[in-house]
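# model this:
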Amino acid sequence: MKKDAKTFKEVAERCTRFALSDECHCDAKNSTSTQESVSCKNCKHYTPDKVCTLDLYEEILENHHL
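Coordinates of the predicted model:
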């Protein structure tokens, strides 16, 4: 299973449950910054143990042929 920065971004862009983590230090008012911060690593459902608590990562990878 791929777990690189590009794949995290592609999965997050396709995830209907993506939500920026409260710990994300991006400038939410700046759309470019927000767009760049779209990544599983910046989602509130992604744990420090590198796990999606919604268990959607693999499903999105498979369904979108990433």
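
# tell me the phi and psi of the residue nearest to residue 44 when sequence neighbours are not counted?
Excluding its sequence neighbours, the residue lying closest to residue 44 (Cβ to Cβ, 6 or more residues apart in numbering) is residue 21, at 4.4 Å. Placement of C-beta: from N, CA and C, glycine included. Here is the backbone geometry of residue 21 (degrees, to the nearest 10): phi -70, psi 150.

# show me where pLDDT drops low in the chain?
1, 23-36 (pLDDT under 70).

# please repeat the previous calculation with a cut-off of 90.
Along the chain, the parts satisfying pLDDT under 90 run over 1-4, 21-37, 48-51, 66.

# quick one: buried residues of the one helix or strand residue 60 maps to?
Counting by DSSP states H and E, the element that carries residue 60 is helix 57-63. By 16 or more other Cβ atoms under 10 Å, the buried positions in helix 57-63 come out as 57, 60-61.

# what about the helices in this protein?
Counting by DSSP state H, the segments of the chain that form helices are 5-14, 31-36, 57-63.

# who touches the first one?
Outside of helix 5-14, the residues within contact range by Cβ atoms under 8 Å, 6 or more residues apart in numbering are 18, 38-43, 56-57, 60-61, 64, 66.

# buried ones among the residues you listed?
18, 38-40, 42-43, 56-57, 60-61.

# can you pick out the most distant pair from those?
42 and 61 (17.9 Å; Cβ to Cβ).

# find the nearest non-adjacent residue to the residue nearest the centre of the chain, please.
Nearest residue to the geometric centre of the chain (Cα atoms, centre = their mean): residue 40, 2.1 Å. Spatial nearest neighbour of residue 40, excluding adjacent residues (Cβ to Cβ, 6+ apart): residue 8 at 4.2 Å.
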